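# Build the 3D model from these lines:
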Amino acid sequence: RNTGQIACRVKLELTCTEANAFEVEVDKDSIETTSLGKFYSFRLNVGETRNARIFFRSESFNVTNHLFAHLKVVAEGNKYESEVIELYGLVPNSVLHGPVIIETPRSDQVRADALHLALNPYFNAEIPPSCLGPAWMSDLQGGDVEEILQNHLNFGDCYVGCTLSSHFVLRYPDINGERSEISLATSIVDSSPSFNFAWPHDHPSLRFEPPSGELRPHTSLRICVYFHSDQPVKYRFFPVRCQLTEAPNFESSDNISQKNQGFGYDELALGSARSYEPPQNQTPLTQQSLRKTKSARSNNLRDASGTGSKSAREPLNPKSPQKEEFFVTDDEMSNGALFLELLFTAVCDFVEYELEKTSIKFPDTAIWGKSVQTLQIRNTGLVTMTFTFATASYDQPFEAEPSECLILPGQSLPLKFVFCPTKPGTFDSVFNLLVPNTTETCDPQKSITVIGKAFVKPIKLALPKSDYQPKNPQCDPFWHSAQVLEIVATGNGRKVTRSFEVMNTSEEVLELKMRQVNITEFELEYLICETPLKPGKSSRIDLSLMGLTRDAKEAYLTLEMQSYRIPLVVVARTRDPIVAFDRGHVSLEKVPLGQSVEAHLYIVNAEEMPLEFKFEDGSFGCNESVDKLLISPIKGTLLPTGKYPIRVKFRPTEDRRCNFNVLCKVENRQRPLHLNVKVESLKCFATAWLLNEDNDGCLEVEATIAPCLASDSSKAIILASRKLAEFPSLRENIVTVDFGEVFLGCERTRHLRIVNQGEFELDYASAVFSKSDSLPTVFSVSPNAGKIPPLGEALLQFTFQPRNMVKVPLLDSMVFGIVAIPNGPSFALNLCGQSKMPTIEFSPGHLNFGHQFVQDEGLGVSTLPLIITNKDQEKPIYVAFESSTLVEFECNFSSKIIEPGAAAKAFVTFFPSACKTYRGELKFLLNEQAQVRVLASGEGTKINLTVSPGNLMLTQVRNGMSKPPIKVKDKDSPNSQSVYLGYLHSSESSRRIVTIQ
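This is a model prediction of the structure:
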């Protein structure tokens, strides 16, 4: 109740230890009440009072019989006003672990949809019916749906007087909840009580087998249920109660089963008489009504608590004010009487149907022919109908299909009547449609009259349907009724044969002959396989011709027999075989000169015969270009309904765009296949630039050979070297690279930049070419090969590293550095230089640091000195440290000029980071030109120490005198980083010797 001065919204929050054990329901008249899971909210005006009912549900199947929950009441907007109500529920053991109903069968979706339609009068027939379960249970909670599906029998629908059967299993699990399939005769004896069960014996529509018996723990029993009604009735989740009484321990199961366990239906299902209401008075099933009826667990629990339970669902007539309830009396509880509830749904009604018409007249049909007429029958009732056909005269040429069948409610079925005469005349017959259990307004038997007339046609031609209209019809009206046979030949010069059946529909033996009336451009051959032809027999006629032209040509034939002729028009035409490329246009990628590009496609044969094909060699060129396409294979055989792979390849030698139109001839095809191929070939655009010694300026290097036609870079470098050696004119304008004077063992480098200005990736190769094999190898280039991306560049390094004394005249115009691009330009450089004895000395020449602890041990680093001495007596030398190949070797040296005869020190430090061997080089630059390398090596090592604590010695001091130390009980240190020294008193001291190895 709202006792405040303003309206507020109240929120109820239910917290349960077991799902669906407790439930809260607010008054229905509150239209603003909303429920979201376990949260309930509604508006409460000033002075208004609302009731909230709390239900305790025992169908959670918990192993314990004590259930707890909390209900929190909160006024929104006022966090200081809230109350918590504790909920406690007790479930008796007999209810928690009593018998249950399981394994109820499920109806198929089609029958469930029909039953849904029958039980829902407000259902819109234009919308397809949904499944029975989800349609009825979409607004229910999970526990309600689970329980309804567990103890619900869905019989479906039937007509009045029919019997439906179903079954379920009555199971009694043990106290631990285990459910086994032990039979009644072999039940296990334990402390759980046994129950005698009894189903109602006088139910107006149901019959149970067995109706009564004993159910012991660990056992299960199959119960068969039969539904039968002699008048229309509808049951929707209707309850039937089974009485369970605790069986005495001294009675056996055989004695109990022989007793009369029957009981009156009115005693168990009070207020549950058969509910049949007109469709307009039915109400849809609601969530509240479903909560009123539960299984044996929930019924006994609510009865025991004094709240009562409903014996049936809400009445189908919403205007009825009576709502009967039943309660379990104290005598029944004291005697251990329990009730197990079973819900069932069924519809029983009279059959109603509609028939489209009651008479059928067939068109005139030739004897031995066939004519079919259909008739629609629709089930307009609420139950499934069955029907059968019966006829008094079985010698008539009429048939009805199907002879018997069933139709679901609201559905239709086409009835097919067939007229197959074997002799001329007029025939009529009557088929009786028998439908059991119809209403008074619907006739259970209807007569369908069929009439047909048969005429004599001595010959019947079985020809395919054709819409062809003859272009040159004959003047004789005899040809107005001529039938047409179209023959299509595939390919010129190929023979084709077509066949059709001829049937003798007369009662005489016929001698067949065929004659051609007109003269045609093609030769037509025909063959009658069997003649004379007996009555009712068929013969095959073969027509053959040779394909010549695409235009349709007509041949007029007559099929003759005794005093009778049949006109026939044969239309012959020829078509090209259906063969094509899987794509008629191919655009190849842009390709640089000397390189190749290719594409793959298929020739597809759609015919059921093999065909030969061949490409024309004269179609591989393009105007005046010397480049041609390469197609493989040139010819081949196309398999029936198969495809043949074709490869198109192109390798240009000149810069241009090409458009090829390739022709392919196919066997028996007038016109060749056309394949259009487009490709564009481009030159390689590359330039070379020689960088100066400081790499801050450059000089353009002209191409020595352009283009250098070769398939790959390795062949291009060989071709460029050969031409440079054979043609002196190519060496006249080559750029010279002079490395100057370099100390022996030192080196000097120059760089050449190659720039790709084209749209393709370029391959290149580089090498040092010498005109004489006797010259020492003092020049090198790196890298030797590589790729340059479009609009990218590559940097090549030429190195002069003399090992012996060489002079400029010895090397001048003798050694060349060459860079070759296949199908592109090639560049050449004249390399020269001279060497002299070194006047600088590095001591030691190899720095060996030996074993050194890694840096994570924190034990310091190792540093060695490197002495640099200028032995030249005249010229100073500028020395600078350039770099180290490994970061573990660090050199501390400032660039300086070393005077003649002077020396300088560089300190090199070793920083190992792992336990491995290190080998590196320290690079020094002399006079900013020559490079000297000093080797350095070392090995990283981890420290390995063992800590061993000694004995614990205790010394006492009394009156200023120290007593001899004594050994006390030892105790290990907690870890290797601490030493345990014991517990000391006043005037005591302790010591322990720790050994570290």
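
# just for the stretch 751-900 of the chain, where's the confidence low?
774, 804-812, 856-859 (pLDDT under 70).

# Could you pull out the strands in it for me?
762-770, 779-782, 785-788, 793-800, 815-820, 824-836, 840-843, 846-853, 862-870, 877-884, 889-892, 896-898 (DSSP state E, counting those that start in this stretch).

# I'd like the ones you listed written out as a markdown table, with mean neighbour count and distance to Ser466 added.
The way it works is simple: take the backbone N, C-alpha and C, and place the C-beta from them, glycine included. Listed next are those as a markdown table, based on neighbours: other C-beta atoms under 10 Å; distance: least, C-beta to C-beta, whole Å:
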| stretch | mean neighbour count | distance to Ser466 |
| --- | --- | --- |
| strand 762-770 | 21 | 66 |
| strand 779-782 | 17 | 81 |
| strand 785-788 | 15 | 67 |
| strand 793-800 | 18 | 74 |
| strand 815-820 | 25 | 73 |
| strand 824-836 | 23 | 67 |
| strand 840-843 | 16 | 105 |
| strand 846-853 | 15 | 101 |
| strand 862-870 | 16 | 104 |
| strand 877-884 | 16 | 92 |
| strand 889-892 | 17 | 96 |
| strand 896-898 | 15 | 108 |
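
# and those strands as JSON lines, adding distance to Tyr644?
Shown next, in JSON lines, are the strands of the stretch 751-900 of the chain (distance: least, C-beta to C-beta, whole Å):
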{"stretch": "strand 762-770", "distance to Tyr644": "34"}
{"stretch": "strand 779-782", "distance to Tyr644": "49"}
{"stretch": "strand 785-788", "distance to Tyr644": "36"}
{"stretch": "strand 793-800", "distance to Tyr644": "44"}
{"stretch": "strand 815-820", "distance to Tyr644": "41"}
{"stretch": "strand 824-836", "distance to Tyr644": "37"}
{"stretch": "strand 840-843", "distance to Tyr644": "73"}
{"stretch": "strand 846-853", "distance to Tyr644": "70"}
{"stretch": "strand 862-870", "distance to Tyr644": "75"}
{"stretch": "strand 877-884", "distance to Tyr644": "62"}
{"stretch": "strand 889-892", "distance to Tyr644": "66"}
{"stretch": "strand 896-898", "distance to Tyr644": "79"}
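
# Relative to Glu939, which of these is closest?
Among those, the nearest to Glu939 by C-beta to C-beta is strand 846-853 (5.3 Å).

# Show me what that closest one is packed up against.
strand 862-870, strand 903-910, strand 930-941 (3 or more C-beta pairs under 8 Å, 6 or more residues apart in numbering; DSSP states H and E).

# Tell me what angle the second one forms with strand 930-941.
Translated: strand 903-910. 40 degrees (axes from the mean of the first three to the mean of the last three C-alpha atoms, to 10 degrees).

# could you say what helices and strands the helix or strand just after strand 903-910 packs with?
Once the chain leaves strand 903-910, the next helix or strand it forms, by DSSP states H and E, is strand 917-926. With contacts taken as 3+ C-beta pairs under 8 Å, 6+ apart, strand 917-926 sits against strand 877-884, strand 889-892, strand 930-941.

# Adjacent strands (with direction) for the helix or strand following the longest one?
The first helix or strand that comes after strand 930-941 along the chain, using DSSP H and E, is strand 947-958. In its sheet, strand 947-958 lies beside strand 961-962 (antiparallel), strand 966-967 (antiparallel), strand 988-996 (antiparallel), with partners assigned from DSSP bridges.

# For Pro802, give me its contacts.
Counting by C-beta atoms under 8 Å, 6 or more residues apart in numbering, Pro802 makes contact with Val742, Leu744, Pro776, Val778, Gly833, Gln834, Ser835.

# Lys553 is in contact with Val571, isn't it?
Yes: applying C-beta atoms under 8 Å as the test, Lys553 and Val571 come out as touching, 7.4 Å apart.

# rewinding a little: identify whichever of the helices and strands packed on strand 917-926 lies nearest to Phe227.
strand 930-941 (91.2 Å).

# tell me the average confidence for that closest one?
Mean per-residue pLDDT for strand 930-941: 87.

# chain center to it: distance?
Offset of strand 930-941 from its chain centre (C-alpha atoms, centre = their mean, to the nearest Å): 59 Å.

# and the nearest residue to Tyr40 once chain neighbours are set aside, helix, strand or coil?
Closest residue in space to Tyr40, ignoring its immediate chain neighbours: Leu12 at 4.1 Å, by C-beta to C-beta, 6 or more residues apart in numbering. What DSSP: H, G, I helix; E, B strand; the rest coil gives for Leu12 is strand.
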